[in-house]
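A.B. asks: need the 3D shape of this:
(2 chains)
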Amino acid sequence: DSGVTQTPKHLITATGQRVTLRCSPRSGDLSVYWYQQSLDQGLQFLIQYYNGEERAKGNILERFSAQQFPDLHSELNLSSLELGDSALYFCASSATGSRGFGTDTQYFGPGTRLTVL
Amino acid sequence: AQSVTQPDIHITVSEGASLELRCNYSYGATPYLFWYVQSPGQGLQLLLKYFSGDTLVQGIKGFEAEFKRSQSSFNLRKPSVHWSDAAEYFCAVAPYSSASKIIFGSGTRLSIRP
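C.D. replies: The predicted structure follows:
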């Protein structure tokens, strides 16, 4: 158990809908990272938040957005969903992450499996 | 363009045998290099990482990896595999300065023959 929790575990929705995925980082970790894992695209980094502020952006679509709240939990919002958005979405956290990606070990949650029908 | 190649999609080895998973990268400078493992139904777990210094890196669970600049490779090795090592293994590269440029390989699925 990494100490990172994600809810829900599974999510099934229809095209055009909007969903919110939630992540609680390990106690004391300031950075949260979101990843998408799909059969087509493989594993991709989406976005990083550090202590409430966006730190780095990867291959995140404009239909997707994220935020990190004062209690450090994070939410990933996916809107106007398409069939191709079906994937496993991982959240990871690290202690700081303020000095660049590679300096901190990231701890991954178990993921949220999103199915868009 | 930056890229990471894991040429082996699926490898099967016998329990107790040695293992080597290949990873090649294409990058302008020496990047930060990582190996992650993903067990079925689980998230990723960091096995080891290379930033600088000694090119042979020791990780958790008895794994090690060797950075070879001349071959642009960062192969993962284990002298004797256990059935619990069956999982998907991902190699990844990232520059120090920008997480937005992290790239993962497509993964190698490891099966263990009893």
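
A.B. asks: could you point out which element follows the least confident helix or strand in chain B by mean pLDDT?
C.D. replies: Every helix and strand in chain B was compared by mean pLDDT, DSSP states H and E; the lowest is strand B:103-104, with a mean of 89. Next along the chain after strand B:103-104, taking DSSP states H and E as the criterion, comes strand B:108-113.

A.B. asks: partners of the least confident helix or strand of chain B, with directions?
C.D. replies: Sheet pairing of strand B:103-104 (DSSP bridges) gives strand B:87-94 (antiparallel).

A.B. asks: can you give the contact residues for the strand it pairs with?
C.D. replies: Residues outside strand B:87-94 that contact it (CB atoms under 8 Å, 6 or more residues apart in numbering or on different chains): A:43, A:101-102, B:2, B:4, B:6, B:21, B:23, B:25, B:27, B:31-40, B:44, B:47, B:74, B:76, B:101-105, B:107-110. C-betas here are computed from N, CA, C, even on glycine.

A.B. asks: picking that back up, quick one: the least confident helix or strand of chain B to chain centroid distance?
C.D. replies: 11 Å (CA atoms, centre = their mean, to the nearest Å).

A.B. asks: so where do the strands sit in chain A?
C.D. replies: In chain A, the segments counted as strands under DSSP state E are A:5-7, A:10-13, A:19-24, A:31-38, A:42-50, A:53-57, A:64-68, A:74-78, A:87-94, A:107-108, A:112-116.

A.B. asks: what about the closest residue to B:Gln42 other than its chain neighbours, how many neighbours?
C.D. replies: Nearest non-adjacent residue to B:Gln42, counting by CB to CB, 6 or more residues apart in numbering or on different chains: A:Pro110, 6.1 Å away. Using other CB atoms under 10 Å in any protein chain shown, A:Pro110 has 17 other residues around it.

A.B. asks: what's the answer for the one 4 residues further on, then?
C.D. replies: Each residue near A:Leu114 was counted by other CB under 10 Å, and the total is 22.

A.B. asks: tell me how far the residue lying closest to B:Ser14 once chain neighbours are set aside lies from B:Ile11.
C.D. replies: In space, and not counting its chain neighbours, B:Ser14 is closest to B:Arg113: 4.5 Å by CB to CB, 6+ apart. Distance of B:Arg113 to B:Ile11, computed by CB to CB, to the nearest Å: 11 Å.

A.B. asks: neighbour-wise, which of these two wins?
C.D. replies: The residue with more neighbours, out of B:Arg113 and B:Ile11 and counting by other CB under 10 Å, is B:Ile11; that gives 15 against 12.

A.B. asks: low-confidence ranges, chain B, go.
C.D. replies: Filtered on pLDDT under 70, chain B yields the residue ranges B:96-101.

A.B. asks: show me where it has its helices.
C.D. replies: With helices called from DSSP state H, chain B shows none.

A.B. asks: give the buried residues for stretch B:31-44.
C.D. replies: B:31-38, B:42-44 (16 or more other CB atoms under 10 Å in any protein chain shown).

A.B. asks: tally of neighbours for A:Gly52?
C.D. replies: Per other CB under 10 Å, the neighbour tally for A:Gly52 reads 14.
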